[in-house]
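1. got a predicted structure plus its sequence, pasted below:
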Amino acid sequence: MKQILNENSGTGSYRYKSQRGLSENLVREISRKKGEPAWMLKMRLVALEQFEAMPIPSWGADLSQIKWGEIYYYLRPVDLPYKSWKEVPDSVRRVFTAIGVPEAEKAFLAGVTAQFDSEKIYGSLKASLAKQGVVFLSMDEGLTQYPEIVKKYFGKIVPYGDNKLAALNTAVWSGGSFVYVPAGIQVDLPLQAYFRINAEKAGQFERTLIVVEEGARVHYVEGCSAPAYSSASLHAAVVEVIVKERAKVRYTTVQNWYKTVYNLVTKRATVAKDATMEWVDCNLGSRVTMKYPSCILQGEGAHGEMLSMAVAGNGQDQDTGAKMIHLAPRTTSRIISKSISQKGGRASYRGQVKMGPAALGSRSKVTCDALIMDPLSRSDTYPNNQILTGSSQIEHEAYVSRVGEEQIKYLMSRGLTEEEAQTLIIRGFLEPIVAELPLEYAVELNRLVKLEMIGSVG
Amino acid sequence: MEELLQIVNLSVEVEGKRVIADFNLRVGKNEVVALMGKNGSGKTTLAQVLMGDRRYQISEHSKVLYRGKDLLKLDITERARLGMLVAWQNPVTIPGVSVFSVCKTSYEIGRGKIEKLTEFKKELESLAIRVGLTKKHVGRNMNEGFSGGEKKRLELLQLLLLQPSLAILDEVDSGIDAKGVEMVAEVINEMKKTGTSFLLITHNKKMLEEIEVDEIVEMK
């Protein structure tokens, strides 16, 4: 990373920027620049064909405004859209100033120093984990250094034919994380992609692969603090997680995209016997988010969990949910989905729980909890529950609370402004999710929620 | 006696129906003014109008001054921040929001950031016990699952915590047992000494006997 920065600092501009739009030549160029093995190029090219052949999904949020031909599909890391704080749009700057974002973050946004600092942090973390045989690299590095592991699992959980966006990601992926945890290793501290992903956030099509061997445990956290301003309008990531027998994985996301971004992400895990996969997914920002992290519960006694929250404001459509596919006996899953819609925003829960014929004695519980802040805003629930075996059970509960004027007035009568009252109610509503986050992310999320309120008022 | 609150010719309509007509009232500094009257005479409407609830139509000739300021021009927040506290007759439930966080937030608005949260929590717990709640109520969500009496006690807790200049208590004694009513009277007498003025809406003549009331106004 340092090398790239050094190179970059000389020119002060993009190291490499592709043409707008997608082509076979572009895909070949990406693969060539990364020095990839032939199989990866082949997979990219087949995926490109798939992408072009597949229709745009029409069952969820409105994607008709995406201008596929105008997108830059490949930007090298450290290509930041703004070179100075002055170039950052007023709307973003105002929010930053209002919440008092540390100077370092402002500096980062302008692409100045934070990357050096973060490299240090990332580097030291890597060293302590390496002793235990834990691998935590960028996906590009992972492919170079651990080609066998990557080849074995890449695209197996989310194949390129899965959906149009997964095909696109497979064709043009760049960046993302590669994590490997050997059998029996308990990684006590969360692996934080915070800094690294920030440094590479120009990668709009990141690809993450996490392989956790038998009896191992890891918590992976990704997030970004600033409203991740992006000139590109599309973020299409793919995350694949393999949880082996008795292993336990938690994958936490706190994400805040700029309000022009289409955030269309495919996240899926396979969960073996007596293993546990937990998704904790917090979605703020973006114009449209479509994200339904999944657990394929393949082994007997496997457990899948999803804790998600979304905040939809003016002009935003947060279409999120989860999928729990029970394929083995005594598998269990739990989905807790919380959404907030305000100032005309729309939040939807779209979930699927399926009990296959072999899922004897399995159980699932789904709880959808929606908070609607005003009459302009909207919340919908689209549950899809299927049971193909007699002895299994799916429970579904949905709650909708409207924040009444009376509650706001009551808090105002204690000296809070209308905005402070709303924030207090929202924080209370989100508390069960926030309690599950590592401390710094909990603080971050609270701040982001506040920012969301300010952003939507101004 | 110096005026704190002055209501002159106040007329209020709700959905075209006149609820208060040419009403006059004054509360001086360190005074307790009791407001009595039959149900439907407009007492709660008056409390809500004074709080700043915009759902009421107030006629143009009405005048309400608080500490010399034109109260009708201020919103609910501004009035509260000027030291006015309206204790609600029917306090609302706020799911997910704890008593602690409401108390902390409103206290910090008046007095700046609390440095020692543990001590603040202890203070809240002792106030809870003082008003006849338990320590556990501090950790519970606002009025969620509270009985009518407990809701009133929580209003008193906030009154004791925030020490406003003017407290408007809308039937804070109703739904509370006899011993509780004694406690309400004690709190009012004590706070009167430390500089809080009261506009006390009540039906309870017995309670008024235990309070140092400066004036009783009948609303018709």
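-> Right, received. Where do you want to start? Please read all numbers here as calculations on a predicted model, not as lab measurements.

2. near chain B, which residues of chain A?
-> A:401, A:404, A:406-407, A:409-418, A:420, A:424-425, A:427-429, A:431 (C-beta under 8 Å from any C-beta of the partner chain). To be clear about C-beta, it is placed using only N, CA and C from the backbone, and glycine gets the same treatment.

3. burial of A:Leu189, as a residue count?
-> 12 (other C-beta atoms under 10 Å in any protein chain shown).

4. so the residue of chain B found nearest chain A versus A:Thr423, what's the distance?
-> Taking C-beta to the nearest C-beta, chain A has its nearest neighbour within chain B at B:Gly96, 3.2 Å off. Distance check for B:Gly96 against A:Thr423: by C-beta to C-beta, to the nearest Å, it reads 12 Å.

5. likewise B:Leu156?
-> 26 Å.

6. neighbour count for the two, which is higher?
-> Neighbours were counted for B:Leu156 and for A:Thr423 using other C-beta under 10 Å; B:Leu156 has more, 26 against 20.

7. report pLDDT for the closest residue in space to that one that isn't next to it in sequence.
-> Nearest non-adjacent residue to B:Leu156, counting by C-beta to C-beta, 6 or more residues apart in numbering or on different chains: B:Val131, 4.5 Å away. With respect to pLDDT, B:Val131 scores 97.

8. need the contact list for B:Val131.
-> B:153-154, B:156-157, B:160, B:183, B:187 (C-beta atoms under 8 Å, 6 or more residues apart in numbering or on different chains).

9. what do you get for A:Asn283?
-> Contacts of A:Asn283 by C-beta under 8 Å, 6+ apart are A:253, A:255, A:263, A:289, A:291, A:308-311, A:318, A:320.

10. make it 7 Å
-> Residues in contact with A:Asn283 (C-beta atoms under 7 Å, 6 or more residues apart in numbering or on different chains) are A:255, A:289, A:291, A:310, A:318, A:320.

11. what kind of secondary structure is it in?
-> Three-state call for A:Asn283 (DSSP: H, G, I helix; E, B strand; the rest coil): strand.

12. who does it form a beta bridge with?
-> A:Asn283 has these beta-bridge partners by DSSP bridges: A:Gln255, A:Ala310.

13. and the gap between it and B:Leu82?
-> Counting by C-beta to C-beta, the gap from A:Asn283 to B:Leu82 is 40 Å.

14. tally up the residues packed near the residue in the stretch 251-400 of chain A that chain B sits nearest to, please.
-> Sorted by distance to chain B under C-beta to the nearest C-beta, the residues of the stretch 251-400 of chain A start with A:Leu371, at 8.5 Å. Per other C-beta under 10 Å, the neighbour tally for A:Leu371 reads 26.

15. cool, A:Leu376 as well?
-> A:Leu376, neighbours per other C-beta under 10 Å, totals 13.

16. which parts of chain B are strands?
-> B:3-14, B:17-28, B:32-37, B:57-58, B:63-66, B:69-70, B:84-87, B:94-98, B:141-142, B:166-170, B:197-201, B:215-219 (DSSP state E).

17. so which of those strands is nearest A:Pro182?
-> Closest approach to A:Pro182 among the strands of chain B is made by strand B:94-98 (41.4 Å; C-beta to C-beta).

18. what's the closest one packed up against?
-> Packed against strand B:94-98, as judged by 3 or more C-beta pairs under 7 Å, 6 or more residues apart in numbering or on different chains; DSSP states H and E, are the following elements: helix A:418-434, strand B:141-142.

19. what about 10 Å?
-> strand A:363-372, strand A:393-402, helix A:405-412, helix A:418-434, helix B:99-111, helix B:135-139, strand B:141-142 (3 or more C-beta pairs under 10 Å, 6 or more residues apart in numbering or on different chains; DSSP states H and E).

20. how far away is A:Pro57 from A:Thr320?
-> For A:Pro57, the distance to A:Thr320 - C-beta to C-beta - is 14 Å.

21. in stretch B:135-149, which residues are buried?
-> Across stretch B:135-149, burial judged by 16 or more other C-beta atoms under 10 Å in any protein chain shown covers B:137-138, B:140-143, B:146, B:149.

22. secondary structure class of A:Ile56, three-state.
-> coil.

23. secondary structure class for the residue nearest to it when sequence neighbours are not counted?
-> Nearest residue to A:Ile56 in three dimensions, chain neighbours excluded: A:Leu63, at 5.4 Å (C-beta to C-beta, 6+ apart). Following three-state DSSP, A:Leu63 is assigned to coil.
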